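**Q** Need coordinates for the below:
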Amino acid sequence: MAIPTLRQLEYLVTVVDTGTFTRAAEQLHVTQPALSHQMRALESAVGGPLLERLPRSVRLTPMGRAVLPHARAALAEAERLHTVARRTAGLEEGELEVAVIYSISLGILPPVLRAWHRLHPGVRIRLREYPHADKLQAAMTAGRADLAIGPAPTAWEGPIRELGTEEFVIVLSADDPTAGDPTADHPTGTVALSRLADRAWVHYAPDNGLADLLDQVCAQAGFIPHAAIRAEQTSAAPLLAAAGLGPALVPANIVPAHFDGVLLRPDPPVRRALTAYTRTRPDPLTVAFADLLAHQARVNPPGFPAPRARAR
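**A** Coordinates of the predicted model:
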C-alpha cells in the first residue's frame, strides 16, 4: 500500500476547508484534474473514499472524518520541522506556539512571557487559549502548538514536565456575611464548602473546565452548586463574586494583587496539578521556554500552599 504524501494531505485539508474542488484548486494553484487525480491517489493509499461530492460542496465520509485530524497533525508537524530546521540554521528569529487553558494566560504566564521577551526579544510567542483541558490536549494531539500548559493530560505518551500544584480560593464580596462570620472562618481564613451549600454561586459556562471542577468539589462536599450567573471567561468570576453575585471558586494565581473582594481557602482544600507537555521530544527553543517556565512560573501567590485544615 502506498504511503500518502504531504502534498496529498494538504490537498485533502484544503478541499475540506474551502468546501469545493474548484475553490481548493484555485487556492492551491493547480488544475482541477490534477487535484482530483491526487485525491484519488490518496484514497487509494488509505484504502477507501474520503470525500463525497455534492452538487455544491463536498462531505467527508466516515473514513474521511477519521483521516482528517491526522492529516492536519501531519501538516502541522511538517511545518514545525521546517521551523526547527530554520532555528537551528539561524535563518530566522523564530516563533513558538504555546497552548494554554484560560486561567494560565491570566495567572502564571504573564511574568514568564515578560522574562522571555527580555531574554529572547526576537522570538515571537503565538498564544492559543482553550477553555477546557480536554480541548487543550486535543489541540496538542492535532499538532497545533509546540508546548501546552495546563492540568496533567490523560494517557499522554509525550514528554511531561510538572510545574507545581495550584491552590484555589473562594472569592466573596467584602460585605458578604460569610466573610465576616467568626463561626464560619478559621483563624487561617478558611471556610467549609458545606457552609456555602445554600448559596447561589458565580458558576462557569459548561465549556469552561472550571465548571466541571466546581461541580466535582461541591458534590464531594454533599451538594450541587446553584448558579446565580455563569461566566464565559475565567477572569470575570472573581469580579462578579466581589460585586456580590455569590461565591466563586477561582485559582489563587489569577486574583489581582489589589482586589476589593475577600479570599478564603476552601476546606477541604481544592488543588490542581499543572504541567507543561509536548507531543514529541522538544527542540532547543521549546526546551529553553519550558526551563524558563519551570523556574519563573509562580503557581501560587505568596502565602500558599494553604495550611492543613483544623481538626474537627
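
**Q** how about low-confidence regions in the stretch 1-150 of the chain?
**A** Judged by pLDDT under 70, the stretch 1-150 of the chain has its weakly predicted residues at 1, 82-93.

**Q** what ranges do the strands span in it?
**A** Using DSSP state E, counting those that start in this stretch, the strands of the stretch 1-150 of the chain run over residues 51-53, 58-60, 95-101, 124-130, 147-151.

**Q** And the longest strand anywhere in the chain, what's buried?
**A** Longest strand in the chain, counting residues (DSSP state E): strand 160-172. Residues of strand 160-172 classed as buried: 161, 163-164, 166-172 (neighbour count, 16 or more other Cβ atoms under 10 Å). Heads up, the C-betas are built off the backbone N, CA and C, glycines and all.

**Q** Same check on stretch 124-143?
**A** Buried-residue list, stretch 124-143, by 16+ other Cβ under 10 Å: 125, 129-137, 139-143.

**Q** and the chain, what are its domains?
**A** For the chain, automatic domain parsing gives the domain ranges 6-74, 94-163+273-296, 165-272.

**Q** Now tabulate these in JSON lines and tack on distance to R80.
**A** Shown next, in JSON lines, are the domains of the chain (distance: least, Cβ to Cβ, whole Å):
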{"stretch": "domain 6-74", "distance to R80": "10"}
{"stretch": "domain 94-163+273-296", "distance to R80": "7"}
{"stretch": "domain 165-272", "distance to R80": "26"}
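
**Q** what's the closest of those to L81?
**A** With respect to L81, and counting by Cβ to Cβ, the nearest of the domains of the chain is domain 94-163+273-296 at 9.2 Å.

**Q** Show the end-to-end separation of that closest one, please.
**A** 21 Å (Cα to Cα, to the nearest Å).

**Q** How far away from the center of its chain is it?
**A** Its chain's average C-alpha position is 9 Å from that of domain 94-163+273-296, according to Cα atoms, centre = their mean, to the nearest Å.

**Q** so what's the residue positioned nearest the centre of the chain closest to, chain neighbours aside?
**A** Centroid check for the chain by Cα atoms, centre = their mean gives I101 as the closest residue, at 3.0 Å. Of all residues not flanking I101 in the chain, G150 sits nearest, at 4.4 Å (Cβ to Cβ, 6 or more residues apart in numbering).
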